[in-house]
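1. Need the 3D shape of this:
(one chain, ligands or ions: 1)
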Amino acid sequence: MNKQELIARRMKTLGPTYQSFFDEPLHLVRGSGTSLWDAGGREYLDCYNNVVSVGHCHPHVVEALCNQAATLNTHTRYLHQTVVELGEMLVERLPGDLEICIFTCTGSEANDLAVQIARHVTGNQGVIVTEASYHGVSELTRHLSTDSYPAADRPEWLGVIEPPNLYRGPYRRDDPEAGQKYLELACQQLDALERRGHKPAAVVIDLAWDSNGPLAVPREYLLGLAAEVRKRGGLVIADEVQAGYCRSGQNWWHSDNYGLQPDILTCGKPMGAGHPLSLMSTTRDIIENYSRKYHYFNTFGGNPVSAAVGKAVIEVIESEGLLQNAHDSGTYLEAGLRELATRHETIGDVQGFGLFWGLDMVLDRESREGFNAQQMRHLGSLIAEQGVITGTSGRYGQILKLRPPLPFSRSDADRAIAAIDTALAQLQI
Ligand SMILES: Cc1ncc(COP(=O)(O)O)c(C=O)c1O
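-> Predicted coordinates:
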């Protein structure tokens, strides 16, 4: 179908909440590994889509999905071996004493349930999140998504803390006390929340700070924040929708890299490599407390097809050594990006971890004034013209984001860096 006709039909039927990337929207029709193809047959390198964690249309995952879909699909009201096996595989990998899995379909549902549980077991209503955070779209989690609505509409039970951004925030890399100072800012917001009559039920932390960056934050800040929330009676919810599932190249979960032991961990996107599968995991004590009063059933969460897909994704990660690959290719990519920043004044900062990197794009290194939305869109479009797909994020929308599928190779990294290099040379701002 003609692209302009498809755009017109899409706008007519799907509404303006559906947005597309790039000046010239992409019409993708096929994917394999780290490659995508458009309707005209052009191949692109995918540097953006972490959801397809093990690569686009991985044959082992597709086979598991098809076999189970052709055999049986029901729900968790009946016994089924596969969902139990998926739970066992996850518990083996989850941090500390997280030993209970509740399967949901989206990150929003997992976070929504996590906060409901935290409120019940603590008896508190307050929730702490970061400025410019994103945690989902349900009525509860959209309020936790401070990047998605005006600050004036924030509920009084919400405490919003400063993201510990060591490049752009109030305390920076040259300050050895930065972690402690960010913690003090967080404590001020916890105090303010209590003055509004709310003790914290939980702090919800996106371990990647994706909508701010990604950020690599001081360990003492994170551990100090967790301790402070617990001291005041709240739980620690690690939102690993972005940061988890080997993305860091060091451990399955980014919490483990910081030595953080969450009370609840949530995940979603990468678990089903494109199939809707998500997780709320917690300790036995917490879930038993919650279950004494409440019952939870999710029609599609943990169904046999989703469970078969979830198992297949873990099998691929293990059999193809994708944790190690995220480390190796991630280290290589980081070095290439840092070298690029020595040649392009517009790259103000390179920040991230594993296979998750952000370039903070600036008009001026001194003032750190960031690119605006139109400049970022233009940059992304120029990179796409080079055959490489990237994304944007950041508190001010000024981050060029690279977050590819885990099988991303060194030669993929070379290709991505060459494309960004060319695009930055072409860019006129
Ligand atoms: C950190 C984080 N948490 C939660 C969500 C919500 O997940 P979903 O879109 O599957 O509801 C997202 C989605 O982008 C996310 O990035």
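2. what about Q4, how many residues close to it?
-> The tally of other residues near Q4 (other Cβ atoms under 10 Å) stands at 8. Quick note: C-beta positions are derived from backbone N, CA and C, even for glycine.
3. Buried ones in the host helix or strand of it, by neighbour count?
-> Using DSSP states H and E, Q4 sits in helix 3-14. By 16 or more other Cβ atoms under 10 Å, helix 3-14 has no buried positions at all.
4. Please work out the average pLDDT along that helix.
-> Mean per-residue pLDDT for helix 3-14: 90.
5. how distant is whichever helix or strand comes after that helix from the center of its chain?
-> Counting by DSSP H and E, the next helix or strand C-terminal to helix 3-14 is strand 28-32. Relative to the centre of its chain, strand 28-32 is centred 22 Å away, using Cα atoms, centre = their mean, to the nearest Å.
6. With stretch 85-94 instead?
-> 20 Å.
7. So for it, what gets flagged as buried?
-> L86, G87, M89, L90, R93, L94.
8. need those in JSON lines with secondary structure, distance to the ligand and pLDDT, can you?
-> Formatted as JSON lines, the buried residues of stretch 85-94 follow (DSSP: H, G, I helix; E, B strand; the rest coil; distance: Cβ to the nearest ligand atom, whole Å; pLDDT from 0 to 100):
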{"residue": "L86", "secondary structure": "helix", "distance to the ligand": "18", "pLDDT": "98"}
{"residue": "G87", "secondary structure": "helix", "distance to the ligand": "19", "pLDDT": "98"}
{"residue": "M89", "secondary structure": "helix", "distance to the ligand": "21", "pLDDT": "98"}
{"residue": "L90", "secondary structure": "helix", "distance to the ligand": "17", "pLDDT": "98"}
{"residue": "R93", "secondary structure": "helix", "distance to the ligand": "19", "pLDDT": "98"}
{"residue": "L94", "secondary structure": "coil", "distance to the ligand": "17", "pLDDT": "98"}
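9. and those residues as a markdown table, adding distance to I264?
-> A markdown table is the format used below for the buried residues of stretch 85-94 (distance: Cβ to Cβ, whole Å):
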| residue | distance to I264 |
| --- | --- |
| L86 | 18 |
| G87 | 16 |
| M89 | 19 |
| L90 | 14 |
| R93 | 16 |
| L94 | 11 |
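10. As a check, name the ranges of all strands in the stretch 201-350 of the chain.
-> Counting by DSSP state E, counting those that start in this stretch, the stretch 201-350 of the chain has strands at residues 235-239, 264-267, 278-282, 347-353.
11. That should have said the stretch 51-200 of the chain, apologies.
-> Ranges of strands in the stretch 51-200 of the chain, per DSSP E, counting those that start in this stretch, are 100-104, 126-130, 158-161, 200-206.
12. which other residues reach the longest one?
-> Translated: strand 200-206. 111, 114-115, 118-119, 122, 124-130, 133-135, 144, 159, 190, 193, 222, 225-226, 229, 232-239, 241-243, 263-264 (Cβ atoms under 8 Å, 6 or more residues apart in numbering).
13. quick one, what contacts the residue in the stretch 1-150 of the chain that the ligand sits nearest to?
-> In the stretch 1-150 of the chain, the residue that lies nearest the ligand is G107 (2.4 Å; Cβ to the nearest ligand atom). Applying Cβ under 8 Å, 6+ apart to G107 gives the contacts H135, G136, D239, V241, T266, C267, G268, K269, S278.
14. now with 10 Å?
-> Residues near G107 by Cβ atoms under 10 Å, 6 or more residues apart in numbering: 134-137, 141, 206, 239-242, 266-269, 271, 276, 278-280.
15. These also near the ligand: which ones?
-> Among the contacts of G107, the residues lying close to the ligand (Cβ under 6 Å from any ligand atom) are Y134, H135, G136, V137, D206, D239, V241, Q242, G268, K269.
16. Among the residues you listed, find me the one that's closest to V51.
-> Nearest to V51 out of these is K269 (Cβ to Cβ; 4.5 Å).
17. what residues does the stretch 151-300 of the chain put near the ligand?
-> In this structure, the stretch 151-300 of the chain approaches the ligand at residues D206, D210, D239, V241, Q242, G268, K269, judged by Cβ under 6 Å from any ligand atom.
18. circling back to that earlier point, top of the ones next to the ligand among the contacts of G107 by neighbour count?
-> In those, the most neighbours by other Cβ under 10 Å go to H135, 32 neighbours.
19. Tell me where the stretch 151-300 of the chain has helices.
-> Assigned by DSSP state H, counting those that start in this stretch, the helices in the stretch 151-300 of the chain fall at 178-195, 219-231, 254-258, 284-291.
20. of all those, which gets the most neighbours per residue?
-> Most buried of those, by mean neighbour count (mean count of other Cβ atoms under 10 Å): helix 254-258, with a mean of 22.
21. residues in contact with Q428?
-> Q375, H378, L382.
22. where's it relative to the ligand, distance?
-> The gap separating Q428 from the ligand is 32 Å, by Cβ to the nearest ligand atom, to the nearest Å.
23. Looking at that residue now. What's its pLDDT?
-> Looking at Q428, its pLDDT reads 86.
24. which residues sit in contact with D23?
-> With Cβ under 10 Å, 6+ apart, D23 has these contacts: Q374, R377, H378, G380, S381, L382, A384, E385.
25. check contacts around the second one.
-> R377 makes contact with F21, F22, D23, F371, T392, G397, according to Cβ under 10 Å, 6+ apart.
26. And for the residue lying closest to T146 once chain neighbours are set aside, the neighbour number?
-> Leaving out its chain neighbours, the residue that sits closest to T146 by Cβ to Cβ, 6 or more residues apart in numbering is S133, at 5.1 Å. Here the count is done by other Cβ under 10 Å, and S133 has 24 residues near it.
27. So S133 is in contact with S148, correct?
-> Yes. Counting by Cβ atoms under 10 Å, S148 is a contact partner of S133 at 9.1 Å.
28. list the residues that contact both of the two?
-> Taking Cβ under 10 Å, 6+ apart as the criterion, S133 and S148 both touch S211.
29. Could you count how many residues lie near L72?
-> As a burial measure, L72 scores 12 neighbours (other Cβ under 10 Å).
30. try the one 10 residues further on
-> Around T82 sit 20 other residues, with neighbours defined as other Cβ under 10 Å.
31. Without its sequence neighbours, what residue ends up closest to it?
-> In space, T82 is closest to A307, 4.2 Å off (Cβ to Cβ, 6+ apart).
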